[in-house]
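Visitor: model this:
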Amino acid sequence: MATAKHFPGHGDTSTDSHLELPIIDVDRARLNSIELPPFQAAVDEGVGGVMSAHIALPRIETGKLPATLSSMMLTGLLRTEMKFAGVIFTDAMNMQGIAAHYPEGEAAVRAVKAGADIVLYPPNVEQAFLALKKAVESGEINETRINESVRRILSAKARLGLDRNRLVDLSKVDKVLGATENQRIAQQIIENAITLVRDKRGDLPIKLTPAQKVLFLTIVDNSEGWRDGVPGRAFLAGLTKRHPNTTSVYISEKTSPAEFELINKLAALADAVIVNGFIRVSSFKGSIDMSEGEINLLKRLSSIEKPFAFVLYGSPYLLAFVPELPTYILAYEYYPAAEEAALKAVLGEIEFKGKLPIELPGFYPIGHAVAKKKTTG
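Guide: Numbering: from 1, shown residues only. Modelled structure (predicted):
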């Protein structure tokens, strides 16, 4: 069941709601024009679920009440105004955006009163259940309200056929997800998302002759735990196929000062430098997790007088730490297909079509993009 999240819009904040409650200082007009249209489109297409956001919107909802606990947001806006009839899930209730501000039993009761059908991941399931039971027994929550959620949940299960078969045929998953048409659409979405945020010197697209030397650097936030193998592998494979005279270096938190010096020497000898940066967006992380050596290397490379491209995968916020970067390309995801799309854009084989989905505070607003046409057939 498809689920749209996080309602009414979690994109425009650099605060991690796993760690604290984000405050979104926008009015209803801005919400109507930016955050709500994707949710309304999903509702109009019959999306089965919507997940709430642990964010406060003080210019819309009184005080710092999170949207997850706001009847104005979940019932008034989502149910009544936007006509959503499916299942409302809370975001995980063990996140500090909620857990640090409300006792868990109280938080569960507030969420259900606000309009949530499913209270996701309370820190203690038993305490949350007992608090809800007590609220129903005392009349704080009407039993009719509980029945409404139960019907929505059972209806969703019936539409999915879970009353007849609760098991997924795993042998068919790859055939469905890997179907040619699905793969084509996925690649189109990724290619359309590649965003050129900055190209101060006009380096892009990078044009290279077969004889020119390219230095390709892959910089990761941590060398462990990458789900699709070594990051940068797909970009490198495509780059070396087009330009065999490419030298590749992998950089992590384990890279030594002597290795950084060698990389600087290689950059001086290269005709062009292309850097892929990988910063995972992960729960309870609270930092960009790039080493001082990695950041200093990016600062030094930013001053080189030769074609330079920097592509960032994952978190889009590195620019605040390395404002010197002359180019700044966002691919958002870590998939090999995102690397392949970024490579095509860097070399001018496809256009940069993406626009910033968030603000880069102090640098660029939502919707910003540098227009570049493709230069190859």
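Visitor: Determine the longest helix present in the chain.
Guide: For the chain, the helix with the greatest residue count under DSSP state H is helix 143-159.
Visitor: Would you mind measuring from F278 to D289?
Guide: The gap separating F278 from D289 is 10 Å, by CB to CB, to the nearest Å. All C-beta atoms are positioned from the backbone trio N, CA, C, and that covers glycine.
Visitor: Neighbour count: these two, which is higher?
Guide: Each of F278 and D289 has its neighbours counted (other CB atoms under 10 Å); F278 has more, 22 against 15.
Visitor: start to end distance for stretch 93-100?
Guide: Stretch 93-100 has an end-to-end distance of 10 Å (CA to CA, to the nearest Å).
Visitor: And that stretch, what's buried?
Guide: 93, 95, 97-99 (16 or more other CB atoms under 10 Å).
Visitor: likewise stretch 132-150?
Guide: Buried residues in stretch 132-150, defined by neighbour count with 16+ other CB under 10 Å: 132, 135-136, 141, 146, 149.
Visitor: What is the neighbour count of G76?
Guide: Neighbour number of G76 under other CB under 10 Å is 15.
Visitor: Check E20 too.
Guide: 15.
Visitor: Likewise for L167?
Guide: 6.
Visitor: K344 now?
Guide: 18.
Visitor: coming back round to it: any chance of a markdown table for the buried residues of stretch 132-150, columns distance to I350?
Guide: Below are those laid out as a markdown table (distance: CB to CB, whole Å):
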| residue | distance to I350 |
| --- | --- |
| L132 | 51 |
| A135 | 55 |
| V136 | 56 |
| I141 | 53 |
| I146 | 52 |
| S149 | 46 |
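Visitor: Of the residues you listed, which pair is most distant in space?
Guide: Based on CB to CB, the longest span within these runs between A135 and S149 and measures 13.2 Å.
Visitor: Name the residues contacting each of the two.
Guide: V112 (CB atoms under 8 Å, 6 or more residues apart in numbering).
Visitor: Just confirm L57 contacts P22, I think it does.
Guide: No: between L57 and P22 there is no contact, the gap being 9.7 Å when judged by CB atoms under 8 Å.
Visitor: between these two, who's got more neighbours?
Guide: Between L57 and P22, counted using other CB under 10 Å, L57 has the larger neighbour count: 26 against 19.
Visitor: Tell me who's in contact with the more buried one.
Guide: 8, 24-26, 31, 67, 73.
Visitor: that older thread, tell me the average confidence for the longest helix of the chain?
Guide: Mean per-residue pLDDT for helix 143-159: 96.
Visitor: what about V173, which SS state?
Guide: Recorded secondary structure, V173: helix (DSSP: H, G, I helix; E, B strand; the rest coil).
Visitor: Compute the number of surrounding residues for it.
Guide: For V173, using other CB under 10 Å, the count is 10.
Visitor: same question, V176
Guide: V176, neighbours per other CB under 10 Å, totals 9.
Visitor: got the phi/psi numbers for it?
Guide: According to degrees, to the nearest 10, the main-chain angles of V176 amount to phi -80, psi -50.
Visitor: Alright, that wraps it up for me.
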